[in-house]
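Q: I'll drop the sequence and a predicted model, then ask my questions.
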2 protein chains.
Amino acid sequence: MRFNTIEWKNNSIRILDQRELPLKEIYLEIRTVKKLANSIKRLSIRGAPAIGIAAGYGVALSSFNSKSLEIKKAKIRILNDIEILRKTRPTAVNLFWALERMKEIVDEYKGREAKRLHHILFKEAKKIHKEDKELCRRIGKNGAQLIPSKANIMTHCNAGALATGGWGTALGVIYAAKKMRKTIHVYIGETRPLLQGARLTTWELWKNDVPVTLVVDSARATLLKEGRIDLIIVGADRIASNGDVANKIGTYPLALIAKRHRVDFYVAAPSTTFDLSIKSGAEIPIEERDEEEVKSFSRIITTPDSINVFNPAFDVTPNELITGIITEKGVLRKPFKKSIKRYINPNNVKTTE
Amino acid sequence: MRFNTIEWKNNSIRILDQRELPLKEIYLEIRTVKKLANSIKRLSIRGAPAIGIAAGYGVALSSFNSKSLEIKKAKIRILNDIEILRKTRPTAVNLFWALERMKEIVDEYKGREAKRLHHILFKEAKKIHKEDKELCRRIGKNGAQLIPSKANIMTHCNAGALATGGWGTALGVIYAAKKMRKTIHVYIGETRPLLQGARLTTWELWKNDVPVTLVVDSARATLLKEGRIDLIIVGADRIASNGDVANKIGTYPLALIAKRHRVDFYVAAPSTTFDLSIKSGAEIPIEERDEEEVKSFSRIITTPDSINVFNPAFDVTPNELITGIITEKGVLRKPFKKSIKRYINPNNVKTTE
């Protein structure tokens, strides 16, 4: 990749500010958990796996800032910061998974040196990041086999390098197929309200020399109706035990349209995005975001002020509309309840073999 | 209505500039056909019936500006202006219908006074406008009977007073239901790329005290899935003999989602929007508009410059997804081929009885 979505640098978390893309490539240096929490809420960093990585580094940062404290106080501060991070966004399960993984280390640490605890937490955060990169690589490899030698692929929102620690999930499959010299053209809906498709996916694909065509979200149905799409691959923010998938608003209608036109609809996600504690998508909390996202655009008002807005950030696609789920373990097929049970580790902690 | 979408005033066409809504209520005084053609192309005036009315007044304007010419030269100029107007937008059939109606008068005029020809054409343009108002009234009356006493109604784009010579087609039904003291709440997708839903329909409903909730187009599926919508009513830009409907991009996916969730999907349109010369929606020319509509917002760039854009302004909803077509003659039901043949006048010229 020709950019770094997130990295630990000079004892701070350095993130590419995705709010400024594609016009400006600005990096933020984050030195406090409060600032990180705001960056996650404001979507300077977003995408389920990347949020998980940010959370891991956030706990490492908390421990770095607590190094000079007495161990008991350091732990209290770190656990408090974990709670701050937990409250940033409700839907992507990777956030809770990463925080839980870091919290276990804090809970189990019996030593007396805060500096040593930081060292262990930092190592773990690095490991989460490195693992995610590897998960992306395997997802790409497993998914690329599904791609014809010439393919028009539709995706949604951004499930690429900007959303993960590696080259992405849905876009990872596309990059892997390109590496195998397959000819790929990507179609992307702009992904209102925050235009992750128009702003981020186009930019990322352009940086990586993948041809891309942008449409408004409503025009995706026309492309499918006209037979211009060979298959669809999207990412996921949380996948239930039965294979229901929460992903960016606009995923569910896309899956419905795909079914109508008999186009394969794949979800690409690492096992860290599965939530085996819930039976179905009905249990996934859907974040509702500020109405200003819909009522204005870059501070330009687009509606009368007095009207109501409903602004859910995600929707749930029922498992029956999904052809397969591309994971690092392979492509899971129906019945998903069975294949998920078989391949996905219930505690999801060990994601590398 | 508390605004005038279009009117003839001081020997010019006065239109409410819909590009400036909802922030500014600015009226344009149009004195040349060239300026009118630009206003139609740029969507200062839009909506199939309103475009038809504008075209009628446009021919009247052309004849006004030709009053002092010798009759032969006046006719040449008027026919030339008709061709200019004909090329403004390809999808809405009302444009061609109105121009044909005006052209017949020019062709059949045997007199020698250009001033007299203007007088006749002006009267006809006024008549088209007045008829449309009456068509809207009847559509509203016929449609209101379908509305429960309390209803959450979804619409798309703007098929209201801003799109017609009266109180609208889809919104006409809503205003008529409100007049009958039914309790209505409207849900509207913002209608990318030009946000007619967010900018125009919310503004119009707000002006008329109808409560409205705005969502991004992609979130409409969530509302339907959650059972929050009782029925859908949209307008139309052209309806084929078999009942296939061309309407603003995003109508077709909405109809698909409605079918999935068993929500009634109605189209409201006057007989002037039917095109009995074509068998199905496949024959309707779909306008593709400038890519800048998708690549930027109020001059703020949202994508890398080098990417491709596909920007169809309309889509076609197949007849099978439509519950009924609300016209001034009544609510047409399936099979549409039969009901359309029975109720819609093939030359569509006489729209009032």
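A: That came through fine.
Q: C-alpha from now on. contacts and neighbour counts both.
A: Fine.
Q: quick one: low-confidence parts of the stretch 251-353 of chain A?
A: Where the stretch 251-353 of chain A drops to pLDDT under 70, the residues are A:346-353.
Q: Parallel or antiparallel, which strands does the lowest-mean-pLDDT helix or strand in chain A pair with?
A: Lowest on mean pLDDT, DSSP states H and E among the helices and strands of chain A sits strand A:296-297, with a mean of 84. Take DSSP bridges as the rule and strand A:296-297 pairs in its sheet with strand A:300-301 (antiparallel).
Q: surely A:Arg14 meets A:Lys35?
A: No. Under the criterion of C-alpha atoms under 8 Å, A:Arg14 makes no contact with A:Lys35, lying 11.7 Å away.
Q: near chain B at all, stretch A:20-32?
A: Yes. Residues of stretch A:20-32 contacting chain B under C-alpha under 8 Å from any C-alpha of the partner chain: A:Pro22, A:Leu23.
Q: Oh, that last question was meant for stretch A:34-45, not what I typed.
A: No. Using C-alpha under 8 Å from any C-alpha, stretch A:34-45 never reaches chain B; the gap is at least 15.9 Å.
Q: then that stretch to PDB, C-alphas only?
A: Only the C-alpha atoms of stretch A:34-45 are listed here, as PDB (Å, rounded to 0.1, in the frame of the first residue of the first chain):
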ATOM      1  CA  LYS A  34      -9.600  10.600  24.700                       C
ATOM      2  CA  LYS A  35      -8.300  11.900  21.400                       C
ATOM      3  CA  LEU A  36      -8.300   8.300  20.000                       C
ATOM      4  CA  ALA A  37     -11.900   7.800  21.100                       C
ATOM      5  CA  ASN A  38     -12.900  11.000  19.300                       C
ATOM      6  CA  SER A  39     -11.100   9.900  16.200                       C
ATOM      7  CA  ILE A  40     -13.000   6.600  16.200                       C
ATOM      8  CA  LYS A  41     -16.300   8.300  16.800                       C
ATOM      9  CA  ARG A  42     -15.700  10.900  14.100                       C
ATOM     10  CA  LEU A  43     -14.500   8.200  11.700                       C
ATOM     11  CA  SER A  44     -11.000   9.500  11.200                       C
ATOM     12  CA  ILE A  45     -10.300   5.800  11.500                       C
END
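Q: list the buried ones in that stretch?
A: A:Leu36, A:Ala37, A:Ser39, A:Ile40, A:Lys41, A:Leu43, A:Ser44, A:Ile45 (16 or more other C-alpha atoms under 10 Å in any protein chain shown).
Q: Chain B versus A:Glu287, what's the distance?
A: With distances taken as C-alpha to the nearest C-alpha, to the nearest Å, A:Glu287 is found 13 Å from chain B.
Q: and A:His156, what does it touch?
A: A:Ile188, A:Gly189, A:Glu190, A:Thr191, A:Gly197, A:Ile233, A:Val234, A:Gly235, A:Lys248, A:Gly250, A:Thr251 (C-alpha atoms under 8 Å, 6 or more residues apart in numbering or on different chains).
Q: Narrow the buried residues of stretch A:34-45 to those in helices?
A: Here DSSP state H is the test, and the buried residues of stretch A:34-45 give A:Leu36, A:Ala37, A:Ser39, A:Ile40, A:Lys41 as lying in helices.
Q: Pick the one among those closest to B:Val93.
A: The closest of these to B:Val93 turns out to be A:Lys41 (C-alpha to C-alpha; 47.2 Å).
Q: The closest one - nearest residue in space that isn't next to it in sequence?
A: Spatial nearest neighbour of A:Lys41, chain neighbours left out: A:Thr88 (5.5 Å); criterion: C-alpha to C-alpha, 6 or more residues apart in numbering or on different chains.
Q: Distance of the one you found relative to chain B?
A: Taking C-alpha to the nearest C-alpha, one finds A:Thr88 at 22 Å from chain B.
Q: try A:Ala74
A: Between A:Ala74 and chain B the computed distance is 44 Å (C-alpha to the nearest C-alpha).
Q: returning to that earlier point: what about the contacts of A:His156, which are in strands?
A: The strands, defined by DSSP state E, take in A:Ile188, A:Gly189, A:Ile233, A:Val234, A:Lys248 from those.
Q: picking that back up, could you save the buried residues of stretch A:34-45 as TSV and add columns showing distance to B:Val316?
A: TSV is the format used below for the buried residues of stretch A:34-45 (distance: C-alpha to C-alpha, whole Å):
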residue	distance to B:Val316
A:Leu36	46
A:Ala37	45
A:Ser39	42
A:Ile40	40
A:Lys41	39
A:Leu43	36
A:Ser44	38
A:Ile45	38
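Q: could I get those residues as a markdown table with pLDDT and distance to A:Ser280?
A: Shown next, in a markdown table, are the buried residues of stretch A:34-45 (pLDDT from 0 to 100; distance: C-alpha to C-alpha, whole Å):
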| residue | pLDDT | distance to A:Ser280 |
| --- | --- | --- |
| A:Leu36 | 98 | 31 |
| A:Ala37 | 98 | 28 |
| A:Ser39 | 98 | 30 |
| A:Ile40 | 98 | 26 |
| A:Lys41 | 98 | 26 |
| A:Leu43 | 97 | 27 |
| A:Ser44 | 98 | 30 |
| A:Ile45 | 98 | 27 |
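Q: Report how many residues lie close to A:Glu104.
A: The number of residues packed near A:Glu104 is 10, by other C-alpha atoms under 10 Å in any protein chain shown.
Q: Doesn't it lie inside a strand?
A: No. The assignment for A:Glu104, made by DSSP: H, G, I helix; E, B strand; the rest coil, is helix rather than a strand.
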